[in-house]
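K.L.:
the sequence and its predicted three-dimensional model are supplied below.
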Amino acid sequence: MGNSLMGDGVRFEEVRDALAPAWDVRRLYVDDTAYWDFYYAIRRLYAEGARYSVVAVFLTPRQLSLPGVRGDYFAYRLMLTSDIFRVARDTRLHRTEASNMFFASVSAFYGLRAEIRKVLLGRLMPGLPALMRLLTSNRAAPLADEQIYRGALVNLRAYSKLAASQNSRIILVLPPQ
């Protein structure tokens with residue numbers, strides 16, 4: 001599992017074919033996601049009955065250290081509704097954001113409304129993404145290498161503990177940068 005780096009950078013069919021029939025390989029990738037998105041996605045998959053021998057996570061060390069989630073889309077597609085209080089605590093959500101995520105987790109329209117808006121605006125105004133990149137900047141504060149290392153290590157241990165609770169293993173795959 002991973003984000004767009006996995007979707008764009010991995011020839012999934014070749015990996016699947018090379019490992020078959022000994023391995024039943026599945027893929028989950030969601031653009032613009034990081035550590036917490038997949039931590040809770042793994043929890044959901046296990047809760048829904050998935051039994052994996054190995055879960056390969058395809059993220060950069062920086063993505064393993066990022067503190068947030070992909071908002072309502074995450075809540076609808078990746079999170080168990082019952083995890084809302086854990087997510088709110090772990091990602092330090094404001095109560096309004098947490099309540100939005102709760103509603104997004106139970107409503108397709110609410111969970112996907114930002115995606116619907118993006119598609120509609122993209123069709124109505126094809127040049128809008130380029131204009132928005134010019135008007136906005138990446139507001140994320142840069143992380144020092146030591147912060148990235150510490151955060152990634154702590155989060156990898158949490159992934160490993162979660163997988164071990166289901167008799168599974170986590171493998172970190174570092175994408176080329």
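P.N.:
Good, I have the coordinates.

K.L.:
could you pull out the buried residues of the helix ranked longest in the chain?
P.N.:
In terms of residue count, the longest helix belonging to the chain (DSSP state H) is helix 145-164. By 16 or more other CB atoms under 10 Å, the buried positions in helix 145-164 come out as 148, 151-152, 155-156, 159-160, 162-163. (C-beta placed from N, C-alpha, C; glycine too.)

K.L.:
same check on stretch 39-54?
P.N.:
Applying 16+ other CB under 10 Å to stretch 39-54 flags 39-46, 52 as buried.

K.L.:
contacts for it?
P.N.:
Contacts to stretch 39-54, defined as CB atoms under 8 Å, 6 or more residues apart in numbering, come from residues 1, 28, 30, 55, 69, 74, 78-80, 83, 86-87, 155, 158-159, 162-163, 165-166, 168-171.

K.L.:
do stretch 10-21 as well
P.N.:
With CB under 8 Å, 6+ apart as the criterion, stretch 10-21 contacts 25, 27, 58.

K.L.:
so which of the residues you listed sit within helices?
P.N.:
Per DSSP H, the contacts of stretch 10-21 never map to helices.

K.L.:
return a ChimeraX selection command for the buried portion of the residues you listed.
P.N.:
The following ChimeraX line selects those of the contacts of stretch 10-21 that are buried, judged by 16+ other CB under 10 Å:
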select :58
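
K.L.:
out of the contacts of stretch 10-21, who's nearest residue 8?
P.N.:
Distance to residue 8 across these (CB to CB) is lowest for residue 58, with 10.8 Å.

K.L.:
for the closest one, list the residues it contacts.
P.N.:
If you count contacts by CB under 8 Å, 6+ apart, residue 58 has them with 1-3, 5-6, 10, 29, 173, 175.
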